[in-house]
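1. return a 3D structure for these sequence lines:
(one chain, ligands or ions: 1)
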Amino acid sequence: MVKVYTIASGKGGTGKTTVSVNLGTMLAQLGKETCLMDADIGMANVGLILGMQDVPVTLHEVLAGTAVVSDATYSGPAGLKVIPSGISLQGFQQADPEKIRDVMGELVKKFEFLLIDAPAGISRDGVVPLAVADEVILVVNPELSSIVDALKTKILTEVVGGHVLGCIINRVDQEKTDVITKKMEKVLGVPVIGIIPEDSNTRRASSAKVPIVIKYPSSPASLAIKRIAADLAGVEMAEEKASPAAKEGFVDRFTRVLFKRKEKQ
Ligand SMILES: Nc1ncnc2c1ncn2[C@@H]1O[C@H](COP(=O)(O)OP(=O)(O)OP(=O)(O)O)[C@@H](O)[C@H]1O
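-> Numbering: from 1, shown residues only. Coordinates of the predicted model:
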């Protein structure tokens, strides 16, 4: 039986796409047939994060009725199947978000897990992914504005007949984990299903266009994402120790030295 999760936020930039890409990759690595669809059709990022920005057919064409789902499905890391959205404004204008229901109808026959990266904010194209999922997962940062916007998304999900499984708190200062968990559960009224620490390797992995769970598998954020994926997949995972931040690479070191010199001049 397929399980459909929509990864939503409310406020933009909370790490929704990072979580979607890495959870999808981990589920695939755990041997689950998994597909990630970028339903953020106005501000698509999945393709950019995975280096698929130049693919010829995207979800835009499928939602415009000029291509079929299989034409827009690509192989990603660890065997994850990816349906990226396009980045053109014209493609966005021609895409009909209501058609996501038809796309899902096809995908649910083929996969064990379908992850949908939803748009941030409250918009017409954002409502369908909230309504069609089995469960919605909110990705929220510890800041008040992020919590308030996540609460609005939770309420909207319920209004359209969807269900929120819980929230993932991303970019957490590890020393404040207990306080923030209690606060989040109280304000949002949903369980915290994962806590991902602030981790500079996230940005490095994103620049390299490789999911952090593959590029830096022992990094603190990777370990947190692996735990969430294992819980969703219902598999036991041995405890792994986080390794310190990745060593500075040659390019980083070169840039740092170069800029230091320039600053001194
Ligand atoms: N745990 C983390 N530690 C440090 N940086 C992070 C973490 N998670 C995400 N980021 C960084 O935060 C930025 C925003 O992440 P991302 O693009 O995933 O957010 P988003 O919610 O999908 O944004 P949008 O609303 O624009 O779609 C990126 O630069 C990403 O590398």
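
2. name the residues of this protein found near the ligand, please.
-> Proximity of the chain to the ligand is assessed by C-beta under 6 Å from any ligand atom, with 9, 12-18, 40, 43, 45, 120, 170-171, 196, 198-199, 202-203, 206, 221 identified as the residues in range. The way it works is simple: take the backbone N, C-alpha and C, and place the C-beta from them, glycine included.

3. these, buried ones only, as a ChimeraX selection?
-> Buried residues within the residues of the chain next to the ligand, by 16 or more other C-beta atoms under 10 Å, are selected in ChimeraX with:
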select :9,14,15,16,17,18,40,45,120,170,171,196,199,202,206,221
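
4. the residues of the chain next to the ligand in strands, which ones?
-> Taking DSSP state E, the ones among those that sit in strands are Asn170, Arg171, Ile196.

5. check contacts around the closest residue to the second one other than its chain neighbours.
-> What it means is Arg171. Once flanking residues are discounted, Arg171 sits nearest to Glu198: 4.7 Å by C-beta to C-beta, 6 or more residues apart in numbering. By C-beta atoms under 8 Å, 6 or more residues apart in numbering, the contact set of Glu198 is Arg171, Val172, Asp173.

6. so Met37, which of the three states?
-> Three-state call for Met37 (DSSP: H, G, I helix; E, B strand; the rest coil): strand.

7. count of neighbours near it?
-> Met37: 30 surrounding residues under other C-beta atoms under 10 Å.

8. please enumerate the helices of this structure.
-> Listed in chain order, the helices of the chain (DSSP state H) span 16-29, 46-49, 59-64, 89-94, 100-107, 124-132, 144-159, 177-188, 201-207, 212-215, 220-233, 250-264.

9. what sits against whichever residue of the stretch 51-200 of the chain sits closest to the ligand?
-> Per C-beta to the nearest ligand atom, the residue of the stretch 51-200 of the chain with the smallest distance to the ligand is Ala120, at 3.7 Å. Counting by C-beta under 8 Å, 6+ apart, Ala120 touches Ser9, Gly10, Lys11, Gly12, Gly13, Thr14, Lys16, Asp40, Met43, Gly126.

10. can you pull out the low-pLDDT segments for this structure?
-> 241-265 (pLDDT under 70).

11. dihedrals phi and psi, the residue of the stretch 51-200 of the chain closest to the ligand?
-> Torsion angles at Ala120 (phi, psi; degrees, to the nearest 10) stand at phi -80, psi 160.

12. do the one 3 residues further on as well
-> Ser123 adopts backbone torsions of phi -150, psi 170, taken as degrees, to the nearest 10.

13. doesn't Gly42 make contact with it?
-> Yes - counting by C-beta atoms under 8 Å, a contact exists between Ser123 and Gly42, whose distance comes to 7.4 Å.

14. how far away is Gly91 from Glu61?
-> Going from Gly91 to Glu61 by C-beta to C-beta, to the nearest Å gives 7 Å.

15. then Lys3?
-> To Glu61, Lys3 is 27 Å away according to C-beta to C-beta.

16. ok, now Leu23?
-> 26 Å.

17. looking at these two, which is more packed in?
-> Between Leu23 and Glu61, Leu23 has the larger neighbour count (other C-beta under 10 Å), namely 29 against 19.

18. state the distance from that one to Ala230.
-> With distances defined as C-beta to C-beta, the gap from Leu23 to Ala230 amounts to 11 Å.

19. count the neighbours of Met52 for me.
-> Summarising burial for Met52: neighbours were counted as other C-beta under 10 Å, giving 19.

20. need the contact list for the nearest residue to it once chain neighbours are set aside.
-> Taking C-beta to C-beta, 6+ apart as the measure, Met52 lies nearest to Pro84, with 4.9 Å between them; neighbours along the chain are not counted. Each residue near Pro84 by C-beta under 8 Å, 6+ apart is listed here: Asp38, Ala44, Val46, Gly47, Leu50, Met52, Gln53, Val55, Thr58, Leu59, Ala72, Tyr74.
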